[in-house]
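In: My questions are about this predicted structure, shown below with the sequence.
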Amino acid sequence: MLEIFLVLAILIGAVILFVSEKFPVDLVAFMVLGALLVCGLVTPEEGISGFSNPATVTVAAMFVLSAGLQRTGAVATVGHLLMRFGRNHFLALLVIMAAVGLMSAFINNTAAVAVFLPLVMTLAAKRKIAASKFLIPLSYASQFGGVCTLIGTSTNLLVSAISQQAGYGAFSMFEFSRLGLIMFAAGFTYFLLLGRWLLPERQAQELTATYELGEYIAEMRVMEDSPLIGKTVMESNLGTEHDVTILRLLDEERRVWAPYRQRLREGSVLLVRGRLSELMELKKADHMELNAEFELRDASLEDEDMKLVQVLVPPHSRLMGRTLKDTYFRHRYNALVLAIQRRGAPLREKLNSVRLQTGDALLIMAAQKDIDQLRADDDFIVLEEVPEPSLRSRKVPFAIGIVATVVGLAALNILPILVTALLGCVAMVLTRCLTLEEAQKSVDWTVIFLLGGILPLGIAMEKTGAAQWLAAEALQLAGNLGPIAVLAVFYLLTAILTECMSNNASAVLLAPIAIASAVKMGIDPKPLLMAVTFAASTSFATPVGYQTNAMVYGLGGYKYTDYVKVGVPLNLIFWVLAVLFIPMFWPF
């Protein structure tokens, strides 16, 4: 009983840490693994088995295959072609959801959303439709598509591996497709019929207004008795003494961006970024005059040399958890971050000390050539009009053929998905769709470490009897309601947990309990496992329940309540569909 108590204590601690987001999810997974090993609840071999689990290896391989489609421009090419059909709101919504849903069935859905985000933002701007009408459907449709195939999401692969490990067999490539397509059709219809009224209309503003920079950027003139006269901007130490940034020198004959080596003189006009208190202190100490009539517009920060652009931090970015100062951002990328937006709220002060998170939007000022460099960097999604894809376009048939072969061989049961996926990765590199370095960088190690670290918890729950004890308690509470009621409870519980924590973690925690419950009831575990899988792969009610939701949160100008209003009814629809159709497709 002591072992059961220890496992339950670790389980509760893991849930609390996942929900609180105090630590990164991969670190929490390693904390769980460490606790299991120290308490002797798993052997060292069982502890590291999560990293050799077929699901973990297959997920890593699928990241590489998705990167091959991205790098060759295959996904972007299809996206550009489809976007041409979005002539009005209805057609645009139809095309966006159909395209991203189809792609998300076969590649990582965060990768699909990353490719489509710039396209959708551009389409919305050209059609003069608020991007908020499209971005939540974009995120949700990627989840609709993900539940249609085994490789659509890492959760599908994960529960399949748990089922196989427990002796009930793995899931086939298109085993999810019947219910997945029904849910896709339901979600599709939901947005086409009700989306226009449910989704908010947040009109796009100028970027400087969106990030509320008006109080932080001003024009200042050097007065005749200023101690700055004769000094270069660098010698003036304005950045260290007053915590301000000189963006531009605006003299008539000298209009220079980042004018560090330019000498100041009487009448020099500077475009300055800083808090109002710092600007007032600068005015007093260095005898400068604020231009009271200055009104900040995007045009104030742009010309033929410099542009304003938004970039998004995607889930796999190496910048996550790091500050701009840590990464030497300005010097490394030759770009200046003016503001950061997180979950719809702008951050403007002490930017160098902000630790970046998934979904953070950065307002950047840079030259076009440097923006093009940012676009080529996997650590960013540049949210501006995307040029027609041309990079490695000759490799597009190879990339599509490789992925089609991987799916086909696995679907026909000629080879296991693990084998075909690994062979597909090798083929991507050999055909030069990807370089070896790009293949290595494409793997989202946060997900891999999460899977590797948390899977042994499921082993410990089964090994110590904790899963069976939890199942017995759950069934005692459920009484004699029958297997359909138990299925409904498992779906609902998984859906609620997934809104608060990692979908993979919620699936790993509940799948062993679902299996133990089925065994106690004397029924096939597959229906309960399907309920866990579908619920964990579809998170609509919060912006933090799924990575793609977080990616579109700030960009659409959404509020937390928008997700509740749009997502809760959709979650309930999917719950009803699951309870109705799972027993039909996977009998007890």
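Out: Good, I have the coordinates. Small disclaimer: the values here were computed from a predicted structure and weren't measured.
In: Okay, buried residues for whichever strand or helix holds residue 123 please.
Out: Assessed by DSSP states H and E, residue 123 sits inside helix 109-127. Neighbour-count burial for helix 109-127, counted by 16 or more other CB atoms under 10 Å, picks out 109-124, 127. Any C-beta I mention is one placed from the backbone N, CA and C, and that applies to glycine too.
In: next one: stretch 247-263
Out: 247, 248, 249, 250, 251, 257, 258, 259, 262, 263.
In: which two in those residues are spaced the farthest apart?
Out: Maximum pairwise distance among the buried residues of stretch 247-263 (CB to CB): 17.4 Å, between 247 and 263.
In: Packing partners of the helix or strand where residue 270 lies?
Out: If you go by DSSP H and E, residue 270 is part of strand 269-273. Using 3 or more CB pairs under 8 Å, 6 or more residues apart in numbering; DSSP states H and E as the contact test, the elements touching strand 269-273 are strand 217-222, strand 245-250.
In: returning to that earlier point: closest to residue 543 among the buried residues of stretch 247-263?
Out: residue 247 (32.0 Å).
In: So what's the residue count around residue 186?
Out: Residue 186 sits with 15 neighbouring residues when counted by other CB atoms under 10 Å.
In: Go ahead and confirm it touches residue 574.
Out: Yes. The criterion here is CB atoms under 8 Å, and residue 186 meets it with residue 574 at 7.2 Å.
In: Show me the shaky parts of the stretch 201-350 of the chain.
Out: 203-206, 215, 238-241, 252, 298, 300, 304, 344, 348-349 (pLDDT under 70).
In: All the helices of it, residue numbers only.
Out: 207-210, 233-236, 238-242, 276-285, 329-333 (DSSP state H, counting those that start in this stretch).
In: winner for burial among these?
Out: Across the helices of the stretch 201-350 of the chain, the average number of neighbours (mean count of other CB atoms under 10 Å) peaks for helix 207-210, which reaches a mean of 19.
In: so what does that one touch, helix or strand wise?
Out: When contacts are defined as 3+ CB pairs under 8 Å, 6+ apart, helix 207-210 sits against strand 306-312.
In: What is the strand it packs on packed up against?
Out: So strand 306-312, by 3+ CB pairs under 8 Å, 6+ apart, packs with helix 207-210, strand 361-367, helix 368-375, strand 381-382.
In: and it, how far from the chain's centre?
Out: 19 Å (CA atoms, centre = their mean, to the nearest Å).
In: what inclination does it have with respect to helix 109-127?
Out: 140 degrees (axes from the mean of the first three to the mean of the last three CA atoms, to 10 degrees).
In: Would you give the sheet partners of strand 306-312, along with the direction of each?
Out: When pairing is defined by DSSP bridges, strand 306-312 lines up against strand 361-367 (antiparallel), strand 381-382 (antiparallel).
In: With mean pLDDT and mean neighbour count as added columns, please give these in TSV.
Out: TSV is the format used below for the strands paired with strand 306-312 (pLDDT from 0 to 100; neighbours: other CB atoms under 10 Å):
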stretch	mean pLDDT	mean neighbour count
strand 361-367	83	22
strand 381-382	83	21
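In: Turn those into JSON lines, columns for distance to residue 345.
Out: Shown next, in JSON lines, are the strands paired with strand 306-312 (distance: least, CB to CB, whole Å):
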{"stretch": "strand 361-367", "distance to residue 345": "11"}
{"stretch": "strand 381-382", "distance to residue 345": "20"}
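In: Out of the ones you listed, which is closest to residue 167?
Out: Among the strands paired with strand 306-312, strand 381-382 sits nearest to residue 167 (CB to CB), with 42.3 Å.
In: Longest helix of this structure, counting residues only.
Out: Scanning the chain for the helix with the most residues, using DSSP state H, yields helix 560-585.
In: Identify each buried residue in that helix, please.
Out: In helix 560-585, counting by 16+ other CB under 10 Å, buried: 562-563, 566-567, 570-571, 573-575, 577-579, 581-582.
In: Quickly find the element holding residue 76.
Out: With DSSP H and E as the test, residue 76 turns up in helix 74-83.
In: what's the angle between the next helix or strand after that helix and helix 109-127?
Out: Sequence order places helix 89-104 as the next helix or strand after helix 74-83, per DSSP H and E. Relative orientation of helix 89-104 versus helix 109-127 (the same axes, to 10 degrees): 160 degrees.
In: hmm, who's touching helix 89-104?
Out: Outside of helix 89-104, the residues within contact range by CB atoms under 8 Å, 6 or more residues apart in numbering are 75, 78-79, 82-83, 85-86, 109, 112-113, 116, 120, 123-124, 127, 129, 133-134, 137-138, 141-146, 148, 152, 184, 187-188, 191-192, 195-196.
In: at 7 Å what do you get?
Out: Here helix 89-104 makes contact (CB atoms under 7 Å, 6 or more residues apart in numbering) with 75, 78-79, 82-83, 85-86, 112-113, 116, 120, 123, 127, 129, 133-134, 137-138, 141-142, 144-146, 152, 184, 188, 191-192, 195.
In: hmm, which of those are the buried ones?
Out: 75, 78-79, 82-83, 86, 112-113, 116, 120, 123, 127, 129, 133-134, 137-138, 141-142, 144-146, 152, 184, 188, 191, 195.
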